[in-house]
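# build me a model from this:
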Amino acid sequence: MNPYITALLLFGLVLGTSITASSSHWLLAWMGLEINTLAIIPLMAQNHHPRAIEATTKYFLTQATAAATLLFASVTNAWLTGQWDITLMTHPVPTAMITLALALKLGLAPLHTWLPEVLQGLTLTTGLILSTWQKLAPFALLLQMPNPSQKLLIFLGLASTLVGGWGGLNQTQLRKILAYSSIAHLGWMLLIIQFAPSLTLLALLTYLIMTTATFLTLKNNKATNINTLASSWAKAPLLTAATPLLLLSLGGLPPMTGFLPKWLILQELTKQQLPVTAVLAALTALLSLYFYLRLCYAMTLTMPPNNVAGTGLWRLPTFNPTLLLATSTPAAILLLPLSPAITAIMNL
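This next block holds a predicted model:
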């Protein structure tokens, strides 16, 4: 793709998210979401492969459905209450409709079925954008809504953590595994969004760091399924040594960074007199941890089905930008000792 066109599309992504995050009017927020969707569609379809075109079509139809539902709910709220302001949502029916529309945009269970299929048809770079940047605008709207249904959010959160763990168990494609990982992490954020918005932002920030590091690691190894992870040590030995720690951090295992948001979320849920919800969320995290351990096993304890001399690269890549990978990987593993400072900054 022409670099000028790529720069224009990336500018559209930033512009759409910025408009949605900074607006207090539902029409402006809807317009920002539409700009965001229209900017990423050419990036998704740039390969001209039937699988990429299929994924782009599924993504467009899903996002169009969610945007239409959000617009209908906001018009209904204006008709019932006379208010277009996001922070003045008072009627429960349009509030629930908008919550479900944003859940469809994010890919939360039970509205999640499009996300693994779409992510499987994309390149790892576009999949990284879809799994990180595209989550910001809907979350900005969820954080601004004043009176979302507590039972609906808890149901969506628990369903997402369960489906995100259960759905990834039988997968061999890494992009589908990361899609279910995304669903599970977003479920954790939705559980706590009504009680501690700053904690939701912390969980979102750590998710962005860990997911960025994981996608860049797979892109560096040119890995798309579990079997290709076996030859990672011949391509990047140091990165292969750090990747199991990164995957365990995604699973929320101490003492890695991923343990921090899960620990604080469980603590906040027990403070809010929701011990059953906390226990169920913690149990569903074990499901996710299982398929992360599968990836660790495939990467570190298995050998590729050929001789050792054949696993090395015969041609080194000429240009391999690793600055973002070199910064996100240590951050995804080593930030837990800084948790008091991080929580103090998030509560300012």
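# going forward, measure contacts between C-alpha atoms and count neighbours the same way
OK.
# ok, now which ones touch Leu186?
108, 157, 160-161, 204 (CA atoms under 8 Å, 6 or more residues apart in numbering).
# quick one: it from His112, how far?
Going from Leu186 to His112 by CA to CA, to the nearest Å gives 11 Å.
# same check, this time on Thr161
Relative to His112, Thr161 is positioned 11 Å away (CA to CA).
# wait, a strand at Thr302?
No. Per DSSP: H, G, I helix; E, B strand; the rest coil, Thr302 lies outside any strand segment and is coil.
# quick one, phi/psi of it?
Dihedral pair for Thr302: phi -120, psi 160, per degrees, to the nearest 10.
# for it, give me its contacts.
Taking CA under 8 Å, 6+ apart, one finds Ala230 in contact with Thr302.
# make residue 1 into 35 and carry on from there
Sure, I'll start numbering at 35, so the last one becomes Thr336.
# what's the pLDDT at it?
Confidence at Thr336, expressed as pLDDT, is 80.
# same for the lowest-mean-pLDDT helix or strand in the chain, what does it pack against?
Ranked by mean pLDDT, DSSP states H and E, the weakest helix or strand in the chain is helix 266-269, scoring a mean of 78. Secondary-structure packing of helix 266-269 (3 or more CA pairs under 8 Å, 6 or more residues apart in numbering; DSSP states H and E): helix 271-284, helix 309-334.
# same list, these, but as a markdown table with distance to Pro295 please.
Formatted as a markdown table, the helices and strands packed on helix 266-269 follow (distance: least, CA to CA, whole Å):
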| stretch | distance to Pro295 |
| --- | --- |
| helix 271-284 | 11 |
| helix 309-334 | 12 |
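# relative to Ala130, which of those helices is closest?
Closest to Ala130 of these, according to CA to CA: helix 309-334, at 20.6 Å.
# circling back to that earlier point, higher neighbour count, Thr195 and His146?
Set side by side, Thr195 and His146 show more neighbours around Thr195, with 33 against 20, by other CA atoms under 10 Å.
# buried ones in the helix or strand that one falls within?
Element membership for Thr195, per DSSP states H and E: helix 184-201. Buried residues in helix 184-201, defined by neighbour count with 16 or more other CA atoms under 10 Å: 187-201.
# report the longest helix in the protein, please.
helix 84-115 (DSSP state H).
# quick one: mean pLDDT over the helix or strand just after it.
Proceeding N to C from helix 84-115, the next assigned helix or strand is helix 126-140, under DSSP H and E. Mean pLDDT, helix 126-140: 94.
# and what of stretch 143-159?
If you average the pLDDT over stretch 143-159, you get 93.
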